[in-house]
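Pasting the sequence and the predicted coordinates here, then a few questions.
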Amino acid sequence: MKKYLPETLLMLNTIIWGATFVIIKSALTDISPLLFISVRFLFATIILFPFAFKIFRTINKEAFWGGLLLGLLYFIGFSTQTIGLNYTTATKSAFITGTFIIFTPLFQTLIERKPPSRGVTIGVVLAVLGLVFLTSKGDSLLSVFTEINESFNIGDFFTLICAIVFSLYLVYLDIISKKSDYKPLVFLQISVTGVCGILFSLLFTVWEVEKIHFNFSSNLLFAILYTSVLATVITTTIQTMYQKFVTPSVAGIILSFEPIFAALFAFFMLNEKISNFGLIGCPLNFCGLLISEIYKKK
């Protein structure tokens, strides 16, 4: 069981992140997107701050610059995803975000010179098919493509940037985490994202791109606590510690389960229905992960 610990913990991350889709979508009625990113990651930074002195006593230049790069990618990925949710539908957001499964092996081949194995390639194809099934409406598999083609908007564009950036993040995390201790990397990723969030939130307000609004509520408080503690501190620590034990492409297949868990949370929390095609998407994703693992062990 211990040899599957990295995959198991990454799947735990996916479950935690799956719930954030419903939680953040609801919280954005009380707070502007970039301000939410700022509060979420700055609060997470405060939680880690007591350990900061000990962390930076032994940090080297490679870990410092690596952490800054990961933090910048983290900020761009989370901010574009959150902004995109304001302008696009849940179906389109889930499908476009899921395309990082396609980009990850491409970037892994270009940057690390490590093309994906045959098993991973098959796993990626099955995972993409699973996403198509999951995000299609009950009457047609082509509905998701039709919806995207008919009205590709600014929210879809931001979400596509998010998918590309998170693909780059998975590849560079694989490279950097193998060379540096995870502790400074975790702290730098989270703190850089928080600082960039507040900076761009102020700049966007001055440029009249985004109007800051904040309405304190129990719903917003829960969203901040959940995303800061569980979906930031714990998940970032787990991913930075354990992703180096699996390839970025396999990590991408595991993370492709996020829309599935998001759909399940939406079903139980918001009474949103899952289509018949959506029920087929889950086993397809699972088969993709299973095949990639079987080939890896061989």
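Okay, I see it. These figures come from a predicted structure and were not determined experimentally.

Please name the residues that touch Leu131.
Shown here is Leu131, whose contacts under the criterion Cβ atoms under 8 Å, 6 or more residues apart in numbering are Ala94, Phe95, Gly98, Ile101, Ser256, Pro259, Gly281, Asn285. Using the backbone N, CA and C atoms, a C-beta is placed for each residue, glycine as well.

same deal with Ile59?
Applying Cβ under 8 Å, 6+ apart, the residues near Ile59 are Asp181, Pro184.

Which strand or helix spans it?
Using DSSP states H and E, Ile59 sits in no helix or strand.

pretty sure Ile198 is touching Phe43, no?
No. Between Ile198 and Phe43 there is no contact under Cβ atoms under 8 Å: 11.7 Å.

if I look at Ala127, how far off is Cys287?
9 Å (Cβ to Cβ, to the nearest Å).

Of those two, give the one with the bigger neighbour count.
Ala127 (27 against 16; other Cβ atoms under 10 Å).

What helix or strand is that one located in?
Going by DSSP H and E, Ala127 is in helix 118-135.

Counting neighbours, which bits of that helix end up buried?
For helix 118-135, burial by neighbour count (16 or more other Cβ atoms under 10 Å) applies to 119-124, 126-135.

Pick out whichever of these sits closest to Ile31.
Thr135 (26.6 Å; Cβ to Cβ).

gap between whichever strand or helix holds Ile238 and the chain center?
Using DSSP H and E, Ile238 falls within helix 235-242. With Cα atoms, centre = their mean, to the nearest Å as the basis, helix 235-242 stands 12 Å off its chain's centre.

Tell me the buried residues in that helix?
Thr235, Thr236, Thr237, Ile238, Gln239, Thr240, Met241, Tyr242.

Okay, angle between the next helix or strand along the chain from that helix and helix 235-242 too, please.
Next along the chain after helix 235-242, taking DSSP H and E as the criterion, comes helix 248-255. With axes from the mean of the first three to the mean of the last three Cα atoms, to 10 degrees applied, the angle from helix 248-255 to helix 235-242 works out at 140 degrees.

State the mean pLDDT of whichever helix or strand comes after helix 248-255.
Counting by DSSP H and E, the next helix or strand C-terminal to helix 248-255 is helix 258-270. Averaged over helix 258-270, pLDDT sits at 78.

lowest average confidence, helix or strand, in this protein?
helix 143-150 (a mean of 58; mean pLDDT, DSSP states H and E).

I'd like the distance from the helix or strand containing Ile224 to the chain centre, please.
Element membership for Ile224 (DSSP H and E) is helix 218-225. Relative to the chain's own centre, helix 218-225 is displaced by 20 Å; criterion: Cα atoms, centre = their mean.

can you check stretch 52-69 too?
Taking mean C-alpha positions (Cα atoms, centre = their mean), stretch 52-69 and its chain are 23 Å apart.

wouldn't Val22 be in contact with Phe265 here?
Yes. With contact defined as Cβ under 8 Å, Val22 reaches Phe265; the gap is 5.0 Å.

Counting neighbours, go ahead and name the busier of the two.
Set Val22 next to Phe265 and count neighbours by other Cβ under 10 Å: Val22 wins out with 21 against 18.

Okay, angle between the host helix or strand of the more buried one and helix 248-255 too, please.
Val22 belongs to helix 5-27 when assigned by DSSP H and E. Per the same axes, to 10 degrees, the angle that helix 5-27 makes with helix 248-255 is 50 degrees.

pLDDT on helix 5-27, on average?
For helix 5-27, the per-residue pLDDT averages 90.

helices or strands up against that helix?
helix 61-85, helix 90-98, helix 218-225, helix 235-242, helix 248-255, helix 258-270 (3 or more Cβ pairs under 8 Å, 6 or more residues apart in numbering; DSSP states H and E).

any chance of these in JSON lines, plus distance to Leu48?
Formatted as JSON lines, those follow (distance: least, Cβ to Cβ, whole Å):
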{"stretch": "helix 61-85", "distance to Leu48": "12"}
{"stretch": "helix 90-98", "distance to Leu48": "27"}
{"stretch": "helix 218-225", "distance to Leu48": "15"}
{"stretch": "helix 235-242", "distance to Leu48": "9"}
{"stretch": "helix 248-255", "distance to Leu48": "23"}
{"stretch": "helix 258-270", "distance to Leu48": "24"}
